[in-house]
Each structure stands twice: as structure tokens, then as C-alpha cells.
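A.B. asks: Just need the structure, nothing else, for what follows:
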Amino acid sequence: MVGPDSERGKELVRRIQAGDPASEDEFVRIFYPRIMALASYHLRDIDTSLEITQETLLSVLQALRKSRLRDEEKLSAFVGATARNLLKNLYHKSVQAPPMVSLGLEVAPAMTPDQVPGLSVEEELEKRSIVGAALKTLRPMDRRILFLTLSEGLNPQEIAIELGVKPEIVRNRKSRALKFIRRKVKKMI
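C.D. replies: This next block holds a predicted model:
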């Protein structure tokens, strides 16, 4: 096993730098399980974990081919740091700017009064307009959480994975957003 001070690690780095394809295969066999375990622990999503693992392996191999590893004895630390940086980048991308989503309230589908008991089409459209206006005042992440809950049917655990946050945060933000919408709608009516 390649360790932080391993002679085998130094030799592996030298062989990769020399262009030996078998050394790259050996590198993948050694580090793939470690990176995959780290990514799976943090992401709890197999597809994204596979992507991070592949991206880490590729990034490290490219750095090794270009002799960018300063200390060959620290191969394991370099691989681990690369994986953690990619995980952090993924997290920051998902949290900093959640994409704007439409809840489909801007354009109301054609309705007949018998579809909504007790409401005319105009009353239903007015209610949708009020809810749409209230939703526009939410923070982008809260709007995204409501969209993923109501339109996509995802649970807080699934949303947490998608947004890169903890499920408790999703549950809290969803609860606060729904209370906020209820208060706004009551004021508007």
C-alpha cells in the first residue's frame, strides 16, 4: 500500500512521470477506493461520488505527468487534498448561486370552474398570482427547496444532497419558507 513516506509511492510517481501506462493503472487501483470512500461519505450520492473520484484521479495524474508534485513522498496527501478541494468546489457551486426556478405560476393553464370547487377561473388565477408574487420574495435557495419539494417530489435528504447542505438545514428553510408564504398570502388577500 502506498503511504505518505513510502518508497513504492516515490517509485510510482517516477514511473508515471516517465510515461509508463501500467503505473497509471496501478495508481488508479490504489487510490480509486480511497477517493470513492471519501466522496461517498461526504456526498451520499453514488453518481456524484463517481464523478468526483474520476475528476480527482484525472487531475492528479495530469499533475504527476507534468511533475507538479513537489515532494514525491507526499503522494497520498496530494491525492487527498485534491479530492477535498474538488468536494469543496462542488459544495460552494451548489450553495452560492442556486439556479432560479419557475414554479409554473406565471402562466396559468386553462381551467374551467368545475375543476376548482367554489372558485371561478378569475378567482383561481388571482390566487395563483398572489402566491406567485409571494414566492418571488423568497431567497433563491428557499425557492429552490420549495420547488424541489413541491414540483419534483424530493424529500429533505435528497434535496440536501442536491444542494450540498445538511438535511436539517433543508427542513428548517422549507418550514420557514412555507410560514413566510402563508403570512404573505394572508396579507395580500
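A.B. asks: Domains in this protein, by residue range?
C.D. replies: 7-96, 113-188 (automatic domain parsing).
A.B. asks: And Ala108, what's its pLDDT?
C.D. replies: pLDDT, Ala108: 45.
A.B. asks: what's the following helix or strand after the lowest-mean-pLDDT helix or strand in the chain?
C.D. replies: One helix or strand of the chain scores below all others by mean pLDDT, DSSP states H and E: helix 121-136, with a mean of 77. Later in the chain than helix 121-136, the nearest helix or strand by DSSP states H and E is helix 140-150.
A.B. asks: buried sites along that next one?
C.D. replies: Applying a neighbour-count criterion of 16 or more other CB atoms under 10 Å, the buried positions in helix 140-150 are 141-149. C-beta: built from backbone N, CA, C; applies to glycine.
A.B. asks: Next SSE downstream of it?
C.D. replies: Counting by DSSP H and E, what follows helix 140-150 is helix 156-163.
A.B. asks: And that following helix, how far out from the chain middle?
C.D. replies: 8 Å (CA atoms, centre = their mean, to the nearest Å).
A.B. asks: Next secondary structure element downstream of it?
C.D. replies: Following helix 156-163 in sequence, per DSSP H and E, is helix 167-188.
A.B. asks: Not counting that following helix itself, show me its contacts.
C.D. replies: 130-131, 133-135, 137-138, 141-143, 145-146, 149, 156-157, 159-160, 163 (CB atoms under 8 Å, 6 or more residues apart in numbering).
A.B. asks: Tell me the spacing between Tyr32 and Leu38.
C.D. replies: 11 Å (CB to CB, to the nearest Å).
A.B. asks: Which residue of the two possesses the greater neighbour count?
C.D. replies: Of the pair Tyr32 and Leu38, Leu38 is the one with more neighbours under other CB atoms under 10 Å, namely 19 against 14.
A.B. asks: right, and the more buried one touches Ala83 too?
C.D. replies: Yes. In this structure, Leu38 is within contact of Ala83 by CB atoms under 8 Å, at 5.5 Å.
A.B. asks: Can you give me the separation between Arg176 and Arg144?
C.D. replies: Distance, Arg176 to Arg144, using CB to CB: 14 Å.
A.B. asks: where in the chain is pLDDT low?
C.D. replies: Along the chain, the parts satisfying pLDDT under 70 run over 1-5, 94-119, 188-189.
A.B. asks: for the closest residue in space to Phe78 that isn't next to it in sequence, phi and psi?
C.D. replies: Excluding the flanking residues, the one nearest Phe78 by CB to CB, 6 or more residues apart in numbering is Leu69, at 5.6 Å. For Leu69, the backbone dihedrals are phi -90, psi 120 (criterion: degrees, to the nearest 10).
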